[in-house]
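>>> my questions concern the predicted model and sequence given below.
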Amino acid sequence: MKRKRLIYLTAFLAVIIVFCSTCFSDYTGEGAIITLHLGRENSRTSFNLQDDDYIKELKHTIEFSGPFGENFTLEAGDGLDQIQVQVDSGRWTIKVTAAHENYPHQIAEGSVIRFIRAGINNHVDIIMNQTYFEIDTNEDWLAALSKIREGKSKDFAINIKADKIITEPNYIVGDDVNVLIYSEKETGSTIALENTKYDPLLTIGYYTTEFIENRIPTTVTIKNIILEGHKDRENIDMYSLIKINEWGTFIMEEESKVINALGRYGGGVNVEGLFIMKDGSSISGNFSIVNGGGVYVSKYSGGYREDRGIFYMAGGIIYGMDEGDELSNMCVSANTLAPSYRDGGALYVAYDGIAEYGSFVNGQWVKSGDILSSGQFSDDTITVINGELQ
């Protein structure tokens with residue numbers, strides 16, 4: 001059954017009745033009216049635009065999903081502050097995306113579910129709570145990380161469109177900030193550390209030396225992403241490729257890899273927060289010149305986060321020291337003329353660190369057993385499939 005809708009946009013759109021944004025009054029009648037508010041501060045979420053003229057040029061896509069399978073989409077912009085639309089009463093899901101033609105790689109998104117009542121003007125606010133980026137260049141990547149650190153939003157998705165980006169060390173921090181970095185390419189996308197840089201490619205979460213009330217970890221998840229370092233065994237000041245601070249959580253999924261890096265404590269990943277590996281992920285070809293060629297886990301710093309210094313392995317593989325030049329994670333001294341082997345080619349657990357294998361059930365970790373206990377190390381390949389240690 002076809003239902004009529006009255007659509008009013010406060011933008012200059014052809015063949016649409018124009019109203020000023022202040023002239024909507026409470027509606028009474030047989031139908032249901034939605035007045036959707038797109039306040040400039042909300043729409044500004046993913047944009048660092050100082051000029052109001054740019055704000056007025058935001059383009060919005062509004063998707064409505066309602067009762068009886070009724071779905072429709074509106075495209076609007078050029079000064080849109082709010083829209084008004086007549087619909088059937090019932091439960092509606094409304095999703096909004098906002099973009100600007102001069103910022104093609106940034107899209108703010110927001111959604112809400114509301115029961116829309118008949119006979120009144122239903123005022124609905126949309127908070128733009130996720131930012132999406134498409135990354136083609138290193139400049140795009142650096143700009144996206146800068147936006148995340150501004151703290152205007154909590155949830156971010158970064159789509160790496162390039163085959164490979166070579167970049168400088170950087171960090172992702174913020175209370176309750178969640179960042180998904182992924183690639184849609186069949187063979188994945190690579191983010192590589194410049195060969196003249198020695199700090200971590202990514203440092204995740206805050207490092208704290210004092211208690212801060214209501215602190216919530218920063219979470220970074222990678223899917224189908226290859227994080228690549230370089231090996232300069234004569235530079236003993238190199239850090240791990242990925243540094244997870246106390247208030248950081250790092251999750252590897254879906255063919256993600258950490259490869260070809262060198263560090264002191266943990267060539268690939270240094271864990272002082274929470275590290276999670278899932279099926280399909282792998283860590284290979286990394287060097288440590290002290291302990292933990294692939295992964296180093298400890299509770300050395302801070303002490304204010306309860307679930308710190310923890311490694312959960314629900315799936316994936318950490319290669320040991322006997323897997324050939326390309327795959328082996330090694331723990332070898334920095335002396336290239338007379339190298340000596342150290343402890344923990346694959347994994348080293350220190351300072352009351354925890355390394356467990358198991359599964360997530362309804363989002364909760366269910367332990368099956370210990371990979372290693374505190375003070376232990378492994379030079380052998382560690383493989384977990386579907387939560388079971390192989």
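Received the coordinates, thanks. Numbers count the residues shown, from 1 in each chain.
>>> quick one, longest strand in this protein?
The residue-count maximum for a strand in the chain (DSSP state E) belongs to strand 103-116.
>>> let me know the next secondary structure element after that one.
Counting by DSSP states H and E, the next helix or strand C-terminal to strand 103-116 is strand 121-125.
>>> so after that next one, what's the next helix or strand?
Strand 121-125 is succeeded, C-terminally, by strand 130-135 (DSSP H and E).
>>> just the angle for that next one relative to strand 103-116, thanks.
150 degrees (axes from the mean of the first three to the mean of the last three CA atoms, to 10 degrees).
>>> residues contacting strand 130-135, please?
With CB atoms under 8 Å, 6 or more residues apart in numbering as the test, strand 130-135 has contacts from 45-46, 104-110, 140-141, 143-144, 147-148, 153-162, 165. In short, each C-beta sits where N, CA and C put it, glycine included.
>>> quick one: strands adjacent to the longest strand of the chain?
According to DSSP bridges, strand 103-116 forms sheet pairs with strand 90-100 (antiparallel), strand 130-135 (antiparallel).
>>> looking at those strands, which is buried most?
With neighbours taken as mean count of other CB atoms under 10 Å, the strands paired with strand 103-116 reach their highest mean count in strand 130-135, at a mean of 21.
>>> just the residues contacting whichever helix or strand comes after that one, thanks.
Once the chain leaves strand 130-135, the next helix or strand it forms, by DSSP H and E, is helix 138-149. Helix 138-149 is touched from outside by 46, 48, 105-106, 131, 133-135, 156, 158, 160, 165-168, 170-174, 177, 179, 191, with contacts defined as CB under 8 Å, 6+ apart.
>>> circling back to that earlier point, buried ones among the contacts of strand 130-135?
45-46, 105-110, 140-141, 143-144, 147-148, 153-154, 156-162, 165 (16 or more other CB atoms under 10 Å).
>>> ok, back up a step: for the strands paired with strand 103-116, which has the smallest mean pLDDT value?
Lowest mean pLDDT within these: strand 130-135, at a mean of 79.
>>> CA atoms of that one as PDB?
Written as PDB, here are the backbone C-alpha positions of strand 130-135 (Å, rounded to 0.1, in the frame of the first residue of the first chain):
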ATOM      1  CA  GLN A 130      30.900   7.700  14.400                       C
ATOM      2  CA  THR A 131      33.400   8.900  11.900                       C
ATOM      3  CA  TYR A 132      34.400   7.100   8.700                       C
ATOM      4  CA  PHE A 133      37.600   7.700   6.800                       C
ATOM      5  CA  GLU A 134      38.900   6.300   3.400                       C
ATOM      6  CA  ILE A 135      42.700   6.300   3.300                       C
END
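>>> by how many degrees do it and helix 138-149 diverge?
160 degrees.
>>> now the helices for the chain?
40-43, 52-56, 138-149, 324-327 (DSSP state H).
>>> please work out which residues outside the last one touch it.
Contacting residues not belonging to helix 324-327 are listed as 284-285, 319 [CB under 8 Å, 6+ apart].
>>> quick one: mean pLDDT over it.
Across helix 324-327, the average pLDDT comes to 92.
>>> same deal with the longest one?
Along helix 138-149, the predicted confidence averages to a pLDDT of 92.
>>> what comes up buried for stretch 63-72?
By neighbour count with 16+ other CB under 10 Å, stretch 63-72 contains the buried residues 64-66, 70.
>>> now do stretch 354-364
By 16+ other CB under 10 Å, the buried positions in stretch 354-364 come out as 354-359.
>>> so which of these belong to strands?
Judged by DSSP E, the buried residues of stretch 354-364 include 354-359 as members of strands.
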